[in-house]
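Peer 1: Below is the sequence, then the predicted model.
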Amino acid sequence: MRPTSVDDLDDTQIEERIQQLEQRLAREHDRMPSGLVHRMVEYARARFAHARIRRFVPILVERTVRAHLDLTTGAAGRSGPAAAGNGPRPYSMPEWARVVAHRLLSGDLPRRWAHTQGVARRAGEVGTLFVSTDREVLVAAAWLHDIGYAPALVRTGFHPVDGARFLGASGVPDRVCALVAHHTGAAAVADLLGLSGELARFPDERGAVRDALWFCDMTTSPDGEPVSYADRLAELRARRGPADPVVRALAVNGSERAAAVRRTEQLLEHVETRAAGRSRCGY
Ligand SMILES: [Fe+2]
């Protein structure tokens with residue numbers, strides 16, 4: 001016979017409560033990209049998998065997921081009662097990423113928000129190099145790459161890791177989290193800061209999409225304007241100073257950064273050359 005009091009919840013009852021919670025949260029936040037609420041719930045649930053008092057697990061999961069929903073889109077994730085059944089469509093991942101970056105950066109860090117908008121714009125242009133799934137991942141990662149600077153997310157003080165950890169707990173697909181974690185030479189900086197172990201939780205895909213994200217970041221000024229890679233490097237050295245780990249890490253990752261930028265530029269040139277060839281042939 002099944003226990004009936006709250007004190008005696010068994011695993012099946014906990015499972016039912018969490019499923020009901022997930023359905024309720026998904027209804028309340030019906031603009032979330034597909035699967036996001038489910039992954040948030042799963043992440044929180046794993047965190048409390050070994051809780052000693054089992055009956056508290058659904059409450060702890062709910063509290064954790066609501067805190068994340070609040071920090072990410074808040075009320076913007078809901079259609080609202082007036083629009084029930086006929087409200088705005090759910091966000092795509094890049095749209096969700098834009099809303100989250102705006103919420104976390106625009107108030108506290110307006111210059112960082114200006115830079116982020118510029119990087120995302122660049123990613124939208126460069127994204128034409130890729131198939132639609134890769135393009136969505138690139139643009140989402142561009143919006144999210146610097147959210148680890150947001151005061152509410154600072155844990156280690158190293159923004160690629162803080163951002164990626166928060167995104168993982170927010171149900172964001174692993175690939176986007178990993179791109180954020182490894183953006184623009186993060187590994188060498190993590191090494192200097194003693195955070196390589198934290199970073200190693202995320203795989204570095206080392207492909208053309210990852211190169212493109214580095215390119216977008218390294219050819220966008222702190223104010224969001226397009227700049228050359230050389231100008232961006234000079235600005236970075238001047239603004240941060242020689243003792244800053246990001247500048248010190250350039251001795252290790254400078255050539256890797258330059259190579260990622262060069263490979264993306266070559267891809268862009270290749271596409272432009274083919275397009276020019278087609279227009280000459282009258283296609
Ligand atoms: Fe950036």
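Peer 2: It's in. Numbering: from 1, shown residues only.
Peer 1: rest of the way, CA atoms for contacts and neighbours
Peer 2: Fine.
Peer 1: I'd like to know how far A150 sits from D174.
Peer 2: For A150, the distance to D174 (Cα to Cα, to the nearest Å) stands at 20 Å.
Peer 1: actually V180, not the one I wrote
Peer 2: V180 sits at a distance of 10 Å from D174 (criterion: Cα to Cα).
Peer 1: Give me the more crowded residue out of the two.
Peer 2: V180 (33 against 14; other Cα atoms under 10 Å).
Peer 1: Surely the more buried one touches A164?
Peer 2: Yes. Using Cα atoms under 8 Å as the test, V180 is close enough to A164 to be in contact (5.8 Å).
Peer 1: What segments of the protein are strands?
Peer 2: Using DSSP state E, no strands are found in the chain.
Peer 1: which residues of it score low on pLDDT?
Peer 2: For the chain, residues meeting the criterion pLDDT under 70 lie at 1-8, 81-86, 280-283.
Peer 1: Domain boundaries for it, per the record?
Peer 2: The chain resolves into domains spanning 6-83, 93-279 when parsed by automatic domain parsing.
Peer 1: In the protein, which helix is the longest?
Peer 2: Longest helix in the chain, counting residues (DSSP state H): helix 250-280.
Peer 1: Count the neighbours of R175 for me.
Peer 2: Number of residues near R175 (other Cα under 10 Å) recorded here: 17.
Peer 1: if I pick it, what's in contact with it?
Peer 2: R175 makes contact with V137 under the criterion Cα atoms under 8 Å, 6 or more residues apart in numbering.
Peer 1: do S92 as well
Peer 2: Counting by Cα under 8 Å, 6+ apart, S92 makes contact with P33.
Peer 1: Repeat that for G163.
Peer 2: Neighbouring residues of G163 by Cα under 8 Å, 6+ apart: 144-149, 153, 177, 180-181.
Peer 1: roughly how far apart are it and G185?
Peer 2: Using Cα to Cα, we find G163 at a distance of 15 Å from G185.
Peer 1: Please report how far the residue nearest to V172 when sequence neighbours are not counted lies from A142.
Peer 2: Counting by Cα to Cα, 6 or more residues apart in numbering, V172 lies nearest to L36, which is 6.5 Å off, once chain neighbours are set aside. Distance, L36 to A142, using Cα to Cα: 19 Å.
Peer 1: do the same with L199
Peer 2: L199 is 18 Å from A142, where distance means Cα to Cα.
Peer 1: now R89
Peer 2: 23 Å.
Peer 1: which of the two has more neighbours?
Peer 2: The neighbour comparison of R89 against A142 (other Cα under 10 Å) goes to A142, with 33 against 11.
Peer 1: how about the more buried one, what does it touch?
Peer 2: When contacts are counted by Cα under 8 Å, 6+ apart, A142 is found next to 116, 119-120, 123, 213, 216-217.
Peer 1: Please identify the deepest-packed of the domains of the chain.
Peer 2: Highest mean neighbour count of the domains of the chain: domain 93-279, a mean of 19 (counted as mean count of other Cα atoms under 10 Å).
Peer 1: isn't A178 right up against D204?
Peer 2: Yes. The criterion here is Cα under 8 Å, and A178 meets it with D204 at 6.3 Å.
Peer 1: In this structure P94 contacts T133, no?
Peer 2: No. Taking Cα under 8 Å as the definition, P94 is not a contact partner of T133, at 10.8 Å.
Peer 1: For R63, state which of the contacts of G163 is nearest.
Peer 2: L153 (17.0 Å; Cα to Cα).
Peer 1: so how far is R103 from that closest one?
Peer 2: Distance from L153 to R103, by Cα to Cα: 12 Å.
Peer 1: repeat for R66
Peer 2: For R66, the distance to R103 - Cα to Cα - is 16 Å.
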